[in-house]
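Visitor: Provide a 3D model corresponding to the input given below.
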Amino acid sequence: MDKIVNIQDLMKILSGLKSQNKTIVTTNGCFDILHAGHVRYLKQAKNLGDVLVVCLNSDDSIRRLKGPLRPLNPEPDRAEVLAGLYFVDYVAVFEEDTPAGILEQIKPDIHVKGGDYTEDTLPEAGIIKAHGGIVKFIPLLEGRSTTNIIKKMDGCL
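Guide: This is a model prediction of the structure:
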């Protein structure tokens with residue numbers, strides 16, 4: 001079974017899992033350079049439920065959000081690296097700048113974001129809550145970020 005799925009296949013899979021009363025947890029992001037902060041965050045997200053779905057920003061959405069030099073790693077590579085983590089159950093790519101559309105379809109029980117967000121600054125919080133889900137925030141691992149890695153690399157070049 002492939003962990004990297006399109007939204008149509010994901011919805012079929014999740015329908016079956018929801019009928020078994022499985023707790024569906026989602027998160028989203030670029031995951032451009034996977035680092036220890038990501039791994040700890042995703043592992044903690046998985047521990048909140050039965051199934052962890054990572055909604056992955058497409059290359060085009062990352063360019064719109066972070067500029068023309070990003071992502072550093074292309075979408076298929078980022079998806080494969082995430083799918084290689086044993087605690088990630090599914091990876092689905094979305095094209096929009098926010099995961100609102102895909103989350104509207106998934107209707108997760110729990111949506112997880114990093115501690116640099118609050119419910120007020122999280123565009124998708126209203127969608128999650130409107131469908132009876134809850135939003136959880138996981139503290140970031142101090143000093144770990146893709147941006148910091150890129151800055152460090154720039155200093156070496």
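
Visitor: only C-alpha atoms for contact and neighbour calcs from this point on.
Guide: Will do.

Visitor: how about the nearest residue to the residue most central in space within the chain, chain neighbours excluded?
Guide: The residue lying closest to the centre of the chain (CA atoms, centre = their mean) is residue 28, at 2.1 Å. Spatial nearest neighbour of residue 28, chain neighbours left out: residue 55 (4.4 Å); criterion: CA to CA, 6 or more residues apart in numbering.

Visitor: host element of the residue nearest to the centre of the chain?
Guide: Assessed by DSSP states H and E, residue 28 sits inside strand 24-29.

Visitor: Low-confidence regions, the protein specifically.
Guide: 1, 141-157 (pLDDT under 70).

Visitor: Strands of that one, start to end?
Guide: 24-29, 51-57, 90-94, 110-114, 134-138 (DSSP state E).

Visitor: Deepest-packed of the ones you listed, please.
Guide: Ranked by mean neighbour count, the strands of the chain are led by strand 51-57 with a mean of 25 (mean count of other CA atoms under 10 Å).

Visitor: Just checking: what are the partner strands of that one?
Guide: strand 24-29 (parallel), strand 90-94 (parallel) (DSSP bridges).

Visitor: Could you export these as a markdown table, including distance to residue 69?
Guide: Output for the strands paired with strand 51-57, formatted as a markdown table (distance: least, CA to CA, whole Å):
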| stretch | distance to residue 69 |
| --- | --- |
| strand 24-29 | 17 |
| strand 90-94 | 19 |
